[in-house]
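> pasting the sequence and the predicted coordinates here, then a few questions.
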Amino acid sequence: MAQSVFVEKIEQACHKKEWLFERSKAKYALRSLIAGMLLTLTPATGVIAADVLNTVHPSLGRFAFPFFFSWGLVYILFLNTELTTSNMMYFTAGTFLKKIKWEKALIILLYCTAFNLIGSIVTAWLFNQTSAFAHISADGYLANMVGHKLERPNGLVLAEGIFANLFVNVAVVVYLLLKEQAAKIAAVFAAVYMFVFLANEHVAANFASFALVGFNQIADSVSHFEALNILRHCSVAFVANWIGGGLLIGVPYAFLNKDEGEYVD
């Protein structure tokens, strides 16, 4: 009887995450904070690159930004940090397989989300003390991207958020199943590049872009950049990401590999 690598990895991940959370909430918080930091470092670099390349041709920034952003998830996975959107897949699959109780999974997920946000806020503030961010323009890539996101109605945010975490957790599942390090990097990079290029809604990525705007002088010039609208947007994106990563990736793969003997992942 073949053993499912997917089920084994889900069980190990849920056990490890729950163990760390119970043993040291400070260490779990730090791993989550580092994930928020990493997912702010790369888009912050990406918006600067996009502005530079847009001076050559106005379409080049659209290709440059995802290139830099995509390294964020690569770093997060290889450095064993805690990201809310990948945890949506781990914990939803884990509860389906009865590897973790749903109440505990929800508590850890919300805790992770909070410290992803804190990591993004701290890193965004630090970036805004640098010379690169002193010259961000109100008509540049960052302002246009954030303004475009915040004008979206709930239904569109929901659809975009579902697709974003489909891409992310396709990357995570492939990362779990592949053995070669170079193949892992290529698979993760490709999947993340696609969702960022499509401007889908990823709640942790939006923590970064919204915080980068919030600490910059362009904040007053970005359309729809108001606290209640940001809260609305992030709340819908969070639910959408859970649907995409948890219900459309985590549960199907848990179902496919539960109690199977031969055809398993």
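On my side now, so go ahead. Numbers count the residues shown, from 1 in each chain.
> residue nearest the centroid of the chain?
For the chain, the residue nearest the mean C-alpha position is A204 (4.6 Å; CA atoms, centre = their mean).
> and for the helix or strand containing that one, what's in contact with it?
Taking DSSP states H and E as the definition, A204 sits inside helix 203-214. Helix 203-214 is contacted from outside by 35-36, 39-40, 43-44, 47, 69, 72, 83-85, 113, 116-117, 120-121, 123-125, 127-128, 133, 142-143, 145-146, 149, 161, 164, 196, 219, 222, 225, 230, 233-234, 237-238, 241, using CB atoms under 8 Å, 6 or more residues apart in numbering. Glycine gets a C-beta too; all of them are placed from N, C-alpha and C.
> skip the chain neighbours and tell me the closest residue to the residue nearest to the centre of the chain.
Sequence neighbours aside, N116 is the residue nearest to A204 in space, at 5.0 Å (criterion: CB to CB, 6 or more residues apart in numbering).
> helices and strands around the helix or strand containing A254, which ones?
Take DSSP H and E as the rule and A254 turns out to sit in helix 251-257. Here helix 251-257 touches helix 5-23, helix 84-96, going by 3 or more CB pairs under 8 Å, 6 or more residues apart in numbering; DSSP states H and E.
> output that helix as CSV, nothing but the C-alphas.
C-alpha atoms of helix 251-257 as CSV (Å, rounded to 0.1, in the frame of the first residue of the first chain):
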residue,chain,number,x,y,z
VAL,A,251,-9.9,19.8,1.1
PRO,A,252,-9.8,18.2,-2.4
TYR,A,253,-6.2,16.9,-1.9
ALA,A,254,-7.0,15.7,1.6
PHE,A,255,-10.1,13.9,0.2
LEU,A,256,-8.1,12.4,-2.7
ASN,A,257,-5.5,11.0,-0.4
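> averaged pLDDT, that helix. What do you get?
Mean pLDDT, helix 251-257: 95.
> cool, and stretch 216-223?
94.
> follow-up on the earlier one: okay, the helices and strands packed on helix 251-257 in CSV with distance to I108 and mean neighbour count next?
Output for those, formatted as CSV (distance: least, CB to CB, whole Å; neighbours: other CB atoms under 10 Å):
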stretch, distance to I108, mean neighbour count
helix 5-23, 5, 17
helix 84-96, 7, 27
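> could these go into a markdown table alongside distance to A191 and mean pLDDT?
Converted to a markdown table, these look like this (distance: least, CB to CB, whole Å; pLDDT from 0 to 100):
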| stretch | distance to A191 | mean pLDDT |
| --- | --- | --- |
| helix 5-23 | 17 | 96 |
| helix 84-96 | 12 | 97 |
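> how about those helices in TSV, adding distance to L109?
What follows is the helices and strands packed on helix 251-257, written out as TSV (distance: least, CB to CB, whole Å):
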stretch	distance to L109
helix 5-23	10
helix 84-96	5
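> give the buried residues for stretch 238-258.
If you call a residue buried by 16 or more other CB atoms under 10 Å, then stretch 238-258 has these buried ones: 238, 240-251, 253-254, 257.
> A2: which of those residues is nearest?
N257 (9.9 Å; CB to CB).
> surely the closest one touches F6?
Yes. The criterion here is CB atoms under 8 Å, and N257 meets it with F6 at 5.0 Å.
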